[in-house]
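Asks: here is a sequence together with a model predicted from it:
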Amino acid sequence: MADFYVFLSVFDGGCWRGISENTALPKEAVTYWTPLPPPPGETAAKPKTGHGFTAAIAAYTDNIQLREVIDAYLEMRMKNKMVMTERAVKMLLKRLSSVAATTEDRIAVAENATLGAWKSFYELSPSHKKAAANRGGSSYDLDELDAMLNQSIL
């Protein structure tokens, strides 16, 4: 039986008696107990962090940037207490492939989902598609440039 540190009293043989040291007692006799702290030099077990779906993401893509964005999305879901199963992650990655054809579009879709704390991936709106196309560093609207070029040729 594990050692416990008892802060309150126990009912023993018709009377209440206080306990202030490590004592092996059945749980039923203790009104309040907490586990002992770890011995000096040892650390307590830390809660599990991370989503645990690294293998599924690695099987989905080789692109490092896309992996990082998907990883950030899954971490956001965990922090918002929207935990996913491995099957749900695979379905989500399949959905990402269906709403975005190119790697750049998939990155943009995953970034939007992370920023909006969405539960799924959705297609980019036309304004987001233009912004994703302009990520190369230019701030020009490609449709306007194309129209200007066509007018100058005529």
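Replies: Arrived safely, thanks for sending. Numbering: from 1, shown residues only.
Asks: does the nearest residue to Ala110 once chain neighbours are set aside count as helix, strand or coil?
Replies: Distance criterion Cβ to Cβ, 6 or more residues apart in numbering; nearest residue to Ala110, sequence neighbours excluded, is Val69 at 4.2 Å. To be clear about C-beta, it is placed using only N, CA and C from the backbone, and glycine gets the same treatment. Reduced to three states with DSSP: H, G, I helix; E, B strand; the rest coil, the structure at Val69 is helix.
Asks: contacting residues for Val69?
Replies: Ile107, Ala110, Glu111, Thr114 (Cβ atoms under 8 Å, 6 or more residues apart in numbering).
Asks: switch those residues over to JSON lines; also include neighbour count.
Replies: JSON lines is the format used below for the contacts of Val69 (neighbours: other Cβ atoms under 10 Å):
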{"residue": "Ile107", "neighbour count": "21"}
{"residue": "Ala110", "neighbour count": "25"}
{"residue": "Glu111", "neighbour count": "15"}
{"residue": "Thr114", "neighbour count": "18"}
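Asks: redo these as CSV? Include pLDDT and distance to Ser125.
Replies: As requested, the contacts of Val69 are exported to CSV (pLDDT from 0 to 100; distance: Cβ to Cβ, whole Å):
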residue, pLDDT, distance to Ser125
Ile107, 93, 16
Ala110, 93, 15
Glu111, 92, 14
Thr114, 92, 16
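Asks: now, which of those residues sits nearest Glu42?
Replies: Minimum distance to Glu42 across the contacts of Val69 is 37.1 Å, recorded for Thr114 (Cβ to Cβ).
Asks: in PDB, list the C-alpha atoms belonging to the strand or helix carrying the closest one.
Replies: Using DSSP states H and E, Thr114 maps to helix 103-116. This file holds the C-alpha atoms of helix 103-116, laid out as PDB (Å, rounded to 0.1, in the frame of the first residue of the first chain):
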ATOM      1  CA  THR A 103       0.900  22.500 -50.500                       C
ATOM      2  CA  GLU A 104       0.800  26.300 -50.300                       C
ATOM      3  CA  ASP A 105      -3.000  26.200 -50.200                       C
ATOM      4  CA  ARG A 106      -2.900  23.500 -47.500                       C
ATOM      5  CA  ILE A 107      -0.600  25.700 -45.400                       C
ATOM      6  CA  ALA A 108      -2.900  28.600 -45.800                       C
ATOM      7  CA  VAL A 109      -6.000  26.500 -44.900                       C
ATOM      8  CA  ALA A 110      -4.300  25.100 -41.800                       C
ATOM      9  CA  GLU A 111      -3.100  28.500 -40.700                       C
ATOM     10  CA  ASN A 112      -6.600  30.000 -41.000                       C
ATOM     11  CA  ALA A 113      -8.100  27.100 -39.100                       C
ATOM     12  CA  THR A 114      -5.500  27.600 -36.300                       C
ATOM     13  CA  LEU A 115      -6.000  31.300 -36.100                       C
ATOM     14  CA  GLY A 116      -9.800  30.900 -36.000                       C
END
